[in-house]
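> Sequence unavailable; structure follows:
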C-alpha cells in the first residue's frame with residue numbers, strides 16, 4: 001500500500017499503523033530525509049520515495065515503482081495536503097492559492113489516476129482520500145483549502161460511481177482537528193474560529209491512522225463514496241478509539 005504526505009503528521013502515523021497491521025508500506029513525500037528515517041524505523045517492508053503529488057509524472061512513476069517492488073497496490077491513502085495560504089480572498093496571493101489547489105485537489109486526482117488502472121488490473125483495491133470538515137463548511141481565510149477539499153470529496157464520489165463496479169473501494173476520512181504541524185500554523189494565523197481552539201481538544205494523529213486501517217476492511221463499506229467522520233462517536237467506537 002502507499003501513503004502520500006508520509007513524512008509527518010497523519011501520514012507518518014498511518015505508515016506505522018499499516019506496517020503494524022502487516023502491510024508493506026510505500027512512503028511518498030517531498031521530504032526524503034524524513035521518509036528515509038521512517039522507513040528505517042519500520043523495517044525492510046517499507047519503501048521511501050520522494051514524490052510531489054502536484055506533479056503527475058512524479059506520482060505516476062512512484063506508483064509504478066510500488067507495483068514493481070511489491071507486485072500490487074492494494075490501498076492508496078491520498079493524505080498529502082497544505083493549509084497555506086491562510087488569507088482572505090481579497091488578500092490571497094494567486095500563485096500560492098493555485099499551488100494549494102495543485103496539492104489538495106490535483107494531487108488527489110493524480111493519485112487516483114495512477115492507482116485506478118493498477119487496481120482494475122488486479123481485480124480491486126481501496127483508495128482513501130483524507131478529507132476535512134472544510135469540504136462542506138466554508139471558513140474565513142481558508143478559501144483555497146475549502147475549495148480543494150470540496151473538490152476532493154467530489155472526486156471521491158465520482159471515483160466510487162465509476163470504479164465501484166470494478167471492485168475498487170473509494171472513500172474519504174474527515175478526521176476533525178488533529179494535533180499536527182498544520183494546527184500550529186492555523187493557531188498562529190489567528191483567523192477563523194479553528195485558530196481559537198484550545199490545543200487540548202485536538203485528537204492525536206494515531207486516531208486517524210487507526211481509522212485508515214479500519215477503513216480498508218468491509219466494516220467501512222457503508223461509507224463508500226463518502227467521508228467517514230471521526231467526530232462521529234459511533235465511528236470512534238467501531239474503530240476502537242473509545
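Sure thing, it's come through. Predicted model only: the values in this text are computed from it and were never measured.
> Can you show me the strands along the protein?
For the chain, strands defined by DSSP state E occupy the ranges 2-4, 25-29, 46-50, 75-78, 125-130, 168-174, 227-229.
> now, of the ones you listed, which is deepest in the fold?
strand 2-4 (a mean of 30; mean count of other CB atoms under 10 Å). For every residue, glycine as well, the C-beta is placed using N, CA and C.
> elements contacting that strand?
On a contact count with 3 or more CB pairs under 8 Å, 6 or more residues apart in numbering; DSSP states H and E, strand 2-4 meets helix 9-20, strand 25-29, helix 56-70, strand 75-78, helix 107-122.
> ok so, going back, now tabulate the strands of the chain in a markdown table and tack on distance to residue 187.
Below are those laid out as a markdown table (distance: least, CB to CB, whole Å):
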| stretch | distance to residue 187 |
| --- | --- |
| strand 2-4 | 25 |
| strand 25-29 | 23 |
| strand 46-50 | 29 |
| strand 75-78 | 25 |
| strand 125-130 | 20 |
| strand 168-174 | 20 |
| strand 227-229 | 22 |
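> who wins for proximity to residue 205 among the ones you listed?
Distances from residue 205 to each of these were compared by CB to CB, and the smallest falls on strand 125-130, at 11.3 Å.
> average pLDDT across the helix ranked longest in the chain?
As far as residue count goes, and with DSSP state H defining each element, the longest helix of the chain is helix 143-163. Per-residue pLDDT values across helix 143-163 average out to 98.
> so what's residue 212 up against?
When contacts are counted by CB atoms under 8 Å, 6 or more residues apart in numbering, residue 212 touches 14, 17-18, 77, 128, 173.
> does residue 75 really touch residue 129, like I thought?
No: with contact taken as CB atoms under 8 Å, residue 75 and residue 129 are classed as non-touching, separated by 12.0 Å.
> quick one on the thing from earlier: now for the helices and strands packed on strand 2-4, which one comes closest to residue 241?
Taking CB to CB as the criterion, helix 9-20 is the member of the helices and strands packed on strand 2-4 that comes nearest to residue 241, at 12.1 Å.
> thinking again about what came up before, most neighbours per residue, which of the helices and strands packed on strand 2-4?
strand 25-29 comes out most buried of these by mean count of other CB under 10 Å, with a mean of 29.
> So in that sheet, which strands flank that one, and in what orientation?
Partners of strand 25-29 in the sheet, by DSSP bridges, are strand 2-4 (parallel), strand 46-50 (parallel).
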